[in-house]
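> with the sequence up front, the predicted model follows.
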2 protein chains.
Amino acid sequence: VSIPRSSESRRTLAKNLRLLRAERALSQERLADLSGLHRTYVSSVEREERNISIDNLERLARALGTSLATLLSP
Amino acid sequence: VSIPRSSESRRTLAKNLRLLRAERALSQERLADLSGLHRTYVSSVEREERNISIDNLERLARALGTSLATLLSP
């Protein structure tokens, strides 16, 4: 298993995702349902393992009721 | 050739890319060189055809001297 390269942006995203989920009391599974993604996918994004695309970032932002810019702000 | 689905985020990104490039007087080719991406790739992002990943978004933001959040702000 290769260790994935993690970028600064991935770290910021992972941190914000966890924070926003906690504020809304959403589980990874519930966020996955709301955004149309798989639970293991959301989990891997929060572990900074995924090079997530802009379309999926938009799905997550919408599901959390926030903007893409907010989701990616340090 | 299938017509690619374009998301709201792709439109915002494309608009900001063109604007920031213009402000800095950078050609697509020069921005591609600075960000380590291919010229045709940058061009396709500006046409909203690419589902660009977070790592490549970070490359573009760095090359433009801006933040990922700014690059994706409406």
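Thanks, I have the structure now. Here the structure is a predicted model, which means the values were calculated and not measured.
> C-alpha from now on. contacts and neighbour counts both.
Will do.
> what's the following helix or strand after the top helix by length along chain A?
In chain A, with assignment by DSSP state H, the single longest helix is helix A:8-23. Toward the C-terminal end, the helix or strand that comes next after helix A:8-23 (DSSP states H and E) is helix A:28-35.
> report the angle between the next helix or strand after that next one and helix A:8-23.
As assigned by DSSP H and E, the chain's next helix or strand after helix A:28-35 is helix A:39-46. Between helix A:39-46 and helix A:8-23, the angle comes out at 120 degrees (axes from the mean of the first three to the mean of the last three C-alpha atoms, to 10 degrees).
> quick one: is helix A:39-46 near chain B?
No. Counting by C-alpha under 8 Å from any C-alpha of the partner chain, chain B is not contacted by helix A:39-46; separation bottoms out at 10.9 Å.
> what lies in contact with that helix?
For helix A:39-46, contacts defined as C-alpha atoms under 8 Å, 6 or more residues apart in numbering or on different chains pick out A:10, A:13-15, A:17-18, A:28-29, A:31-33, A:50-52.
> quick one: it to helix A:28-35, angle?
Put simply, helix A:39-46 runs at 100 degrees to helix A:28-35, going by the same axes, to 10 degrees.
> for the next helix or strand after helix A:39-46, C-alpha coordinates in PDB please.
Toward the C-terminal end, the helix or strand that comes next after helix A:39-46 (DSSP H and E) is helix A:54-64. Provided in PDB are the C-alpha atoms of helix A:54-64 (Å, rounded to 0.1, in the frame of the first residue of the first chain):
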ATOM      1  CA  ILE A  54     -14.300  19.900  -8.000                       C
ATOM      2  CA  ASP A  55     -17.700  18.300  -8.700                       C
ATOM      3  CA  ASN A  56     -17.500  16.200  -5.600                       C
ATOM      4  CA  LEU A  57     -16.300  19.100  -3.600                       C
ATOM      5  CA  GLU A  58     -19.400  21.000  -4.700                       C
ATOM      6  CA  ARG A  59     -21.600  18.000  -3.600                       C
ATOM      7  CA  LEU A  60     -20.100  18.100  -0.200                       C
ATOM      8  CA  ALA A  61     -20.400  21.900   0.100                       C
ATOM      9  CA  ARG A  62     -24.100  21.700  -0.900                       C
ATOM     10  CA  ALA A  63     -24.800  18.800   1.500                       C
ATOM     11  CA  LEU A  64     -23.200  20.900   4.400                       C
END
